[in-house]
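Q: Predicted model, plus sequence, below.
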Amino acid sequence: MNKQQWIKKAIVIGMVTTMGLGTMMATGVGATKVEAASVSKGQSVVNLGKKYMGVPYKFGASTSTTKVFDCSSFTKYIFKQYNVTLPRTAAEQSKKGTAVSKANLRVGDLVFFSSGSRANGKNVTHVAVYAGNGKILHTYGKPGVTISDLNSGTWKRTYLKARRVL
């Protein structure tokens, strides 16, 4: 490959990265336009959320700040940036969108748990965003905004359901 071909390839890769996988998929590579749009938007939501890694957790955090989050103010904020309006609480967010099975999760789906001091095993007390590969992006306690494994520990034991809002 000569230098000119290499530069062209680098430009194409850069454009695809900038435009996003969704645009590439919408042009006919591997998915329908509807699927491509939701995959791309879901990944965009997760990518934005990752920019807040380590931001402290505070129960009842205001939805008008990004200095601290609780689980539902975090999801409400990041989804709002992509024109998805969510209610304030995890319990109310769990009623939006369409139900999706754990086996069919897509990046950007909301996942709900009954965990923490207010949990009874059936009530929704926590919300996270499915980040792909069995991981969730969320905020709680000491780590603040973090990524956790959906299929182990507390999150595996307290998982309740998932909803697709994209």
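A: Received, thanks.

Q: chain center to the helix or strand containing residue 79: distance?
A: Applying DSSP states H and E as the criterion places residue 79 in helix 71-80. Centre-to-centre, helix 71-80 and its host chain are 9 Å apart (Cα atoms, centre = their mean, to the nearest Å).

Q: One more: stretch 124-131?
A: With Cα atoms, centre = their mean, you get 9 Å for stretch 124-131.

Q: what do you get for stretch 136-147?
A: The answer for stretch 136-147 is 12 Å, by Cα atoms, centre = their mean.

Q: measure it end to end?
A: One end of stretch 136-147 to the other measures 5 Å (Cα to Cα, to the nearest Å).

Q: Give the rounded mean pLDDT of that stretch.
A: The pLDDT scores in stretch 136-147 average 96.

Q: Can you give the contact residues for it?
A: Contact partners of stretch 136-147, identified using Cβ atoms under 8 Å, 6 or more residues apart in numbering, comprise 46, 49-50, 52-57, 69-71, 74-75, 111, 116, 126-131, 135, 148-150, 155. For the C-beta atoms, the positions are set from N, CA and C on the backbone; glycine is no exception.

Q: How about stretch 51-61?
A: 66-71, 73-74, 78, 139-147.

Q: again with stretch 85-92
A: Contacts of stretch 85-92 (Cβ under 8 Å, 6+ apart): 63, 71-73, 75-76, 79-80, 93, 95-96, 112, 123-127, 165.
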